[in-house]
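J.: Provided below for reference: sequence and predicted model.
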Amino acid sequence: MQKWRGQDKFLSALPRPSAGPYALEKLAHDLSKHLGPTFDEIFETVIDGPPIPVRENTRAFTDWIIAHNLKTWGLYSAYSSLSLQHIRALQDIRVLPTT
């Protein structure tokens, strides 16, 4: 099995910006808890990845995620001031197009 460094591939999981400074840490912890075996398979092929099994190395996994987090990149949002629930409610009453 060939290992890759991941320069051309990435996994993205985004906490809400309003979730606070520890949102990424909590997200990483939750991912290790609920998807540990999936990440074990991924990190078997990653050079310098965190130790596996991920569920038993939650702190190392969380630290690795934080260290490899992309700090500067933007996202486009058509309705940046609305929550998903608000957008869906507006679609239900046909204020927004349903595409």
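T.: Done, it's in. Numbers count the residues shown, from 1 in each chain.

J.: Please identify the helix or strand for Pro37.
T.: Secondary structure from DSSP states H and E places Pro37 in helix 23-43.

J.: next SSE after that helix?
T.: Read in the C-terminal direction, the helix or strand following helix 23-43 is helix 58-67, with elements assigned using DSSP H and E.

J.: buried sites along that next one?
T.: Of the residues in helix 58-67, those scored as buried under the neighbour-count criterion (16 or more other Cβ atoms under 10 Å) are Thr58, Phe61, Thr62, Trp64, Ile65. C-beta coordinates here come from the backbone N, C-alpha and C atoms, glycine included.

J.: export those residues to JSON lines and tack on distance to Ile42?
T.: Putting the buried residues of helix 58-67 into JSON lines (distance: Cβ to Cβ, whole Å) gives the following:
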{"residue": "Thr58", "distance to Ile42": "16"}
{"residue": "Phe61", "distance to Ile42": "11"}
{"residue": "Thr62", "distance to Ile42": "15"}
{"residue": "Trp64", "distance to Ile42": "12"}
{"residue": "Ile65", "distance to Ile42": "12"}
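
J.: Can you check what angle separates the helix holding Pro37 from helix 58-67?
T.: Inter-element angle recorded for helix 23-43 and helix 58-67: 100 degrees (by axes from the mean of the first three to the mean of the last three Cα atoms, to 10 degrees).
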